[in-house]
Structure formats: C-alpha cells, structure tokens
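Trainee: below are the sequence and a predicted model; questions follow.
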Amino acid sequence: MRNVARSLLRLPALLVLLTVAACAPAPIYKTTPQAVAATPQQVAQTPERFAGGDVIWGGRIVQVINLADHSEIELLAYPLDSSQRPKANDSGNGRFIALLPGYAEPLDYPAGAMMTVSGKLNGSRAGKVGEADYVFPLVSAAQSHVWTAEEMRKGRSNIRFGVGLGVGIR
C-alpha cells in the first residue's frame, strides 16, 4: 500500500517534467563532422579556407532573387539560439546568400522574416550593400525554415519580474 501511495505522489512530478520538456523547442538540423564553426563575416574574409564545409546559419531575410534555375535569398546573419532560431537582438554576423533550387515564392520568404538554413558552403561572390563593396558567402541550401512569429516566441519564458501591478490578457 505504501509503494502505491509513493508512486501516486511521484506521478504529478513526472507529468510536470514531461510537460515542461515538451514545451522546449528542439534544434531542427543536426550538425555534421564537417560543420564550420565560423560566422558569415569570418567566411567572407577567407572563403577558400571553408569551401565545402557544412553550415547552419540563420538571419533576417533581406531580399529574394529568382533566376532561371534557382533562387537566391540574401540574409543578414545573426547567432542562433539552442533551437537554431536567429537571435535578432544580437549584433549581426555579416551577410550571406542561400542558394535554393527552383523557384522561391517571395511571399513565402518575405523581407524581414527570420530564416535558418542548413547546407554546404559553395564559394563566395562579390557584390554591394548600398554603395559598399561586399563579399557574400554562398550556401547551397539542403534545408531551410522560415520562422513564424509564434515559433520565435515559443520556448521563451513568459515570466517577468518587476515592481508594480501586472496584467496579462491575450
């Protein structure tokens, strides 16, 4: 009888732990042994050093350009959190271009949206940001994910500390 009572007391604690674990978003892409641990800014300085390396980079979409056989998405890179979401409140890590096969509908990749890309470094290209010369690392995207506003909020604590009266209405 005592064992049954103990088991019943442990059940709520187990349910709470499972519920909390289920709320934490997991990384969406797995890293490989060939993974490059450098920012787009670092790769742009010596692209040949990182050629063919695997990357998981993310950032804010700047623009989409559709060409005859592929699409190019320019991103302003940001560090990724543990769930591989871009952390836009950090400083930028340079820019890069994600190369996607086929046509990428610009409405599915709107300017300003956050995106994570997994793929291989495929050289670099000289270009311009405004009037400034710039070297863009090129990533042949194997996978990509455009984050919704809801996904960007998930996993972040809704607990706030402060002095005064707080009311939360959704």
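Mentor: Perfect, thanks for sending it. Residues are numbered from 1 along each chain as shown.

Trainee: help me confirm that Gly112 is found in a helix?
Mentor: No: counting by DSSP: H, G, I helix; E, B strand; the rest coil, one finds Gly112 to be coil, located in no helix.

Trainee: return the residues in contact with it.
Mentor: Arg60, Ile61 (Cβ atoms under 8 Å, 6 or more residues apart in numbering). Just so you know, the C-beta spots here come from the backbone N, C-alpha and C atoms, and that holds for glycine as well.

Trainee: in whichever strand or helix holds Ile97, what counts as buried?
Mentor: Assigning secondary structure by DSSP states H and E places Ile97 in strand 95-101. Residues of strand 95-101 classed as buried by neighbour count (16 or more other Cβ atoms under 10 Å): Arg95, Phe96, Ile97, Ala98, Leu99, Leu100.

Trainee: tell me where this protein has strands.
Mentor: Counting by DSSP state E, the segments of the chain that form strands are 54-66, 70-78, 95-101, 114-129, 132-147.

Trainee: of those strands, which is nearest Thr39?
Mentor: Closest of the strands of the chain to Thr39 is strand 70-78, at 6.5 Å (criterion: Cβ to Cβ).

Trainee: pull out the buried residues from the closest one.
Mentor: By 16+ other Cβ under 10 Å, the buried positions in strand 70-78 come out as Ser71, Glu72, Ile73, Glu74, Leu75, Leu76, Ala77, Tyr78.

Trainee: identify the bridge partners of the second one.
Mentor: Partner residues in beta bridges with Glu72: Ile65, Leu99, with DSSP bridges as the criterion.

Trainee: wait, it sits on Pro101?
Mentor: No: contact criterion Cβ atoms under 8 Å: Glu72 and Pro101 do not qualify, at 11.2 Å.

Trainee: coming back round to it: which outside residues touch the strand holding Ile97?
Mentor: Under Cβ under 8 Å, 6+ apart, the answer for strand 95-101 is 40, 43-44, 57, 59, 62, 69-77, 115, 117, 119, 122, 125, 129, 134, 136-141, 144.

Trainee: which among those end up buried?
Mentor: Counted by 16+ other Cβ under 10 Å, these give 40, 43-44, 57, 59, 71-77, 115, 117, 119, 122, 136-141, 144 as buried.

Trainee: for the nearest residue to Tyr134 once chain neighbours are set aside, grab the count of nearby residues.
Mentor: What sits nearest to Tyr134 in space, not counting adjacent residues and going by Cβ to Cβ, 6 or more residues apart in numbering, is Gly127, at 5.4 Å. By other Cβ atoms under 10 Å, 13 other residues sit near Gly127.

Trainee: how close does Gly127 sit to Pro106?
Mentor: 19 Å (Cβ to Cβ, to the nearest Å).
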